[in-house]
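Colleague: generate a structure from the sequence data that follows.
(chains A and B)
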There are 2 protein chains.
Amino acid sequence: MFEATKIGRSVSKEEYKEQQEELRTQLLAVQRELRNSNIAVVVLIAGIEGAGKGEVVNRLHEWLDTRGVQTFAFWDESDEERERPRYWRFWRAMPAGGEIAILFGGWYQAPIEHHFRGLCNDAELDAELNRIVDFEQMLAEDGALIVKFWFHMSEADQKARLKELARDDRSRWKMLPEKSRFSEHYATFEQVAERVIRHTDRGCAPWYLIEATDRRYRDLTVGKTLLHAMRARLDETNGTDTSLQATDALELPASDSAHITLLDRLDLDLSLPSEDYKGLLKHYQTELNELAWAAYHKRRSTVLVFEGMDASGKGGTIRRIAQAVDARLYRAIPVAAPSDEERAHHYLWRFWRHIPRAGRMTIYDRSWYGRVLVERVEGFAKPTEWRRAYSEINRFEEQLVDSGIILLKFWIQISLDEQLQRFHERESVPYKRYKITEEDWRNREKWPLYKEAVNEMIARTSTQHAAWTLVEGNDKRYARVKVLRTICEALTATLKTPLQPRTGYWPCGDKRLDQQGDKASQSKPNH
Amino acid sequence: MFEATKIGRSVSKEEYKEQQEELRTQLLAVQRELRNSNIAVVVLIAGIEGAGKGEVVNRLHEWLDTRGVQTFAFWDESDEERERPRYWRFWRAMPAGGEIAILFGGWYQAPIEHHFRGLCNDAELDAELNRIVDFEQMLAEDGALIVKFWFHMSEADQKARLKELARDDRSRWKMLPEKSRFSEHYATFEQVAERVIRHTDRGCAPWYLIEATDRRYRDLTVGKTLLHAMRARLDETNGTDTSLQATDALELPASDSAHITLLDRLDLDLSLPSEDYKGLLKHYQTELNELAWAAYHKRRSTVLVFEGMDASGKGGTIRRIAQAVDARLYRAIPVAAPSDEERAHHYLWRFWRHIPRAGRMTIYDRSWYGRVLVERVEGFAKPTEWRRAYSEINRFEEQLVDSGIILLKFWIQISLDEQLQRFHERESVPYKRYKITEEDWRNREKWPLYKEAVNEMIARTSTQHAAWTLVEGNDKRYARVKVLRTICEALTATLKTPLQPRTGYWPCGDKRLDQQGDKASQSKPNH
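Modeller: Numbers count the residues shown, from 1 in each chain, chains lettered A, B, ... in the order given. Purely as a prediction, here's the structure:
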């Protein structure tokens, strides 16, 4: 989930200066408009220690008209607060319609801290997060705009930042990794943070993950995100047509350093000599064949998801998997426009249909992620629809993994040049010609929008239990072997461990598969 | 919560016959209209064993055009189902847009059964209920109409019904109280049922509690509720103006037996001779004074809520409490129209403001229940707003109780005749004249609407942790003493037991009050 906050985005001094002025002007204009509305704005500031949360808040105060902004930090409870229900302090901080409240940590502060310190377990944390979801939904349904920022950086960057701040009183940092066990604590903190964000990242109160290493990038991104969010809400309230991408508001500087995405970080030059390819392909295909049978006997199902640009080589990769796995054990589902019957159901329904039986494999060639990719970019889904889809998808995948399914998601990336070359190749080879259509060319033009959508998709849905594997796809051989190797490694690792249900509860469900393990392994499958 | 399902509502054979025909005609018409919409209707049938869930479903099949209706029972999982994530079976049952699916038990069946059998604890049940809330919300946001029926009856009625069904195979009943421990099991089942309903009764997927003793009343009510729900949704989709009360659809028979509410079950003739009154008043006031101080020293706060018809005697009762309690320990909050500042916040905000400090008492003269009473009846709140308020209020009160607050809610009921008499009295007594306005007379005319609202309010918000006390108010003396006695009894009972936080988790919070117990008890309060 945090990969996208560790890729080194930055904004130069000149760019910052230039942009800041315009941003301030627009923020003040939006704030004026806000004051005449009845929209209460709740800005929540959270993140890793040392990310400069205080600096960001100071910056916002500098940019906004302070008459409509109040900031609240929730340090130790006062006597007054301790003697009342826990949320009393947050209700005190609630902004009136037309005003902005900036909350340090807010209702997230204590649960994260408690979990980090081992004072509560996962289930207790989840119960508290559910209360939070209900609370935020209640505010949102009442018309409040909730914007939640999470500031993050890599371990190395945090270490460096904290050294820089060394003269400060260390007691300020409540969730600071101890020097001696920095890495371990950093990882622990990331785990709880991911759990919290995944659980509470809802359409009506989304989290924005901000890379905090470069201060100028950080502050500018916060300012613009807040501007976009307020602008979009005001337009919605006024019935003004909101452009899908809110492009009417300020954009980040055009320089590459501010726009790097995870995809740009991929080394697309990675390749595999054809003399190595044959051997490796054979090796992993043989291994996969055995693993697929082993999975069948252990009744562990596998779901593979393939997404990628047009002509990125999804089909070819899937064929290499299909060659390896016994045809009775897998099903490949090509996902195109939904059928009439599928369209009459919830968008997840058509994917639920194909969830494999115990021990089998389903390969989705494109998937439920269409909701936040093509449906978002083409406007087939409304913004509210695709925005809430992230958490719907995370919960869907959680159910799959909880039931013991091995879930692997691949994004295959190719450069625009490579895509162009493949398109031309397809046009010139008779038996490939059917694969290239006008639509492919149109999609190509929309690549900047897709790139934004892909980046957000990965940031919001690459979770501990269902991480994305990004595949460098310019060299087909390299990509195929990487995918096969990833599948083999995941299957090997999973099949070693017994089925461990994650939900804990579900007395019948937990043992559902195990009970039948022996019986099933005696006979061959029959779809 | 289940009080309203044990009051003996019934429909005569003649009334039933007469109404059935019209109901069927309208149901078929609505169903035809539904088929051309993309609204998927999910009807969930659950409730106490022996309530006749199967009979209801058969009746619905008789009334509806079966071509658009499918029924699903979720008995033991099939092999196919066992080998997939738990919810796969429910996704299989999902109706397409324009169709109706009737689900026996649905996703509630297993969690209720597991908890009833002691296979999971409260926290595990809650976690599962949260998944259910997310799931239903996802369906509702996608446009599905979810109508959940809970069939219930008194212990005696269930016993009788089961005797009647004695010839049936008893193995059919999975959650049947054992003969030898009937009462105990009945109570256990009610507890889990209430927990489930309270947690999952949301605006987007409400529960309808149906009294199941009289079969005609039961079936007619189900049919009409379903009709109303479909009609309202279709109107909403078509942009047709939906009347607030859906009065365009069929009403229940006009006979009293079908319209009894909890309020009708009150014996308003109860009275207290004035010679007894003085002594009792004095007795309880003295006791209350001592208890209020004891609560102060034990740092237990009290919140009292008074609701009732105009002139029902709320003010007089509150004065009798105020006379008893040291003025430094309580605050009385008269709730009228909100101030500008209050109006600019969430409707609960103005009540949160007055939550008492540890050991104090807040008396609300009218309260947050205005949302589902006056705001509903007068149309100040939209139907979606007051409908979701029930669960918002339940969660708000849960927070109060969890923090150790003693919460008591009183509904004071008087007859319309008594109200008339009091209105006239007010008009004739100079110093009472200010208390009667045009509005009071208007409200009086709306009594049938208020009655409906009050009944639903009590059914949906009388929970184990925050039950309503219904007060027979025609005799002021009787009412005052009953209220005082109830408060004294509740305080006595609560102060005996140490503060037991219910949320379990919250490492700091749990001991928040105890830590300071000693310090505080040494000094007098200072608001």
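
Colleague: per the annotation, how does chain A divide into domains?
Modeller: Taking automatic domain parsing as the reference, chain A has its domains at A:3-258, A:264-497.

Colleague: so how far is the longest one off the chain centroid?
Modeller: Right, domain A:3-258. 17 Å (CA atoms, centre = their mean, to the nearest Å).

Colleague: now do the last one
Modeller: What separates the centre of domain A:264-497 from the centre of its chain is 16 Å, taken as CA atoms, centre = their mean.

Colleague: still on that earlier bit, can you tell me which of the domains of chain A the model trusts least?
Modeller: The minimum mean pLDDT among these belongs to domain A:3-258 (a mean of 85).

Colleague: any residue of that one touching chain B?
Modeller: Yes: using CB under 8 Å from any CB of the partner chain, domain A:3-258 comes into contact with chain B via A:38, A:40, A:77, A:79-80, A:82-88, A:91-92, A:94, A:96-98, A:110, A:114, A:119-120, A:123-128, A:130-131, A:134, A:138-139, A:141-142, A:144. Quick note: C-beta positions are derived from backbone N, CA and C, even for glycine.

Colleague: restricting to C-alpha, output the host helix or strand of A:Leu407 in PDB.
Modeller: Using DSSP states H and E, A:Leu407 maps to strand A:406-413. Only the C-alpha atoms of strand A:406-413 are listed here, as PDB (Å, rounded to 0.1, in the frame of the first residue of the first chain):
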ATOM      1  CA  ILE A 406      -4.200 -17.900  -3.100                       C
ATOM      2  CA  LEU A 407      -4.800 -14.500  -4.800                       C
ATOM      3  CA  LEU A 408      -2.100 -13.000  -7.100                       C
ATOM      4  CA  LYS A 409      -2.600  -9.800  -9.000                       C
ATOM      5  CA  PHE A 410      -0.300  -8.800 -11.900                       C
ATOM      6  CA  TRP A 411      -0.100  -5.500 -13.600                       C
ATOM      7  CA  ILE A 412       2.000  -5.800 -16.900                       C
ATOM      8  CA  GLN A 413       3.500  -2.600 -17.900                       C
END
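
Colleague: what pairs with that strand, and is each one parallel or antiparallel?
Modeller: Strand pairing for strand A:406-413, using DSSP bridges, gives strand A:302-308 (parallel), strand A:468-472 (parallel).

Colleague: hmm, back to that, drop anything exposed from the residues of domain A:3-258 next to chain B.
Modeller: The neighbour-count criterion (16 or more other CB atoms under 10 Å in any protein chain shown) marks A:40, A:77, A:82-88, A:91, A:94, A:96-98, A:110, A:114, A:120, A:123-128, A:130-131, A:134, A:138-139, A:142, A:144 among these as buried.

Colleague: look up how far A:Gly370 lies from the residue at minimal distance from the centre of chain A.
Modeller: The residue lying closest to the centre of chain A (CA atoms, centre = their mean) is A:Arg460, at 1.4 Å. A:Arg460 sits 15 Å away from A:Gly370, going by CB to CB, to the nearest Å.

Colleague: what is the burial count for the nearest residue in space to A:Arg485 that is not next to it in sequence?
Modeller: Leaving aside its sequence neighbours, A:Arg485 sits nearest to A:Tyr284 (CB to CB, 6 or more residues apart in numbering or on different chains; 5.7 Å). As a burial measure, A:Tyr284 scores 24 neighbours (other CB atoms under 10 Å in any protein chain shown).

Colleague: for B:Val305, see how far away A:Tyr284 is.
Modeller: A:Tyr284 sits at a distance of 68 Å from B:Val305 (criterion: CB to CB).

Colleague: A:Arg131 too?
Modeller: 22 Å.

Colleague: and for A:Ile7?
Modeller: When CB to CB is the yardstick, A:Ile7 and B:Val305 sit 54 Å from each other.

Colleague: more crowded one of the two?
Modeller: Between A:Ile7 and B:Val305, counted using other CB under 10 Å, the more crowded position is B:Val305 (23 against 16).

Colleague: contacts only, for the more buried one.
Modeller: Contacts were defined as CB atoms under 8 Å, 6 or more residues apart in numbering or on different chains; by that measure B:Val305 touches B:Tyr364, B:Ser367, B:Tyr369, B:Leu407, B:Leu408, B:Lys409, B:Phe410.

Colleague: one more time with 7 Å
Modeller: Applying CB atoms under 7 Å, 6 or more residues apart in numbering or on different chains to B:Val305 gives the contacts B:Tyr364, B:Ser367, B:Lys409, B:Phe410.

Colleague: how about A:Ala459?
Modeller: By CB under 7 Å, 6+ apart, the contact set of A:Ala459 is A:Met1, A:Ala4, A:Leu209.

Colleague: show the pLDDT at the first one.
Modeller: pLDDT, A:Met1: 82.

Colleague: in space, what's closest to it - neighbours in sequence excluded?
Modeller: In space, A:Met1 is closest to A:Glu194, 4.8 Å off (CB to CB, 6+ apart).

Colleague: for the one you found, which three-state class applies?
Modeller: Following DSSP: H, G, I helix; E, B strand; the rest coil, we place A:Glu194 in the helix state.

Colleague: no further queries at this time; thank you.
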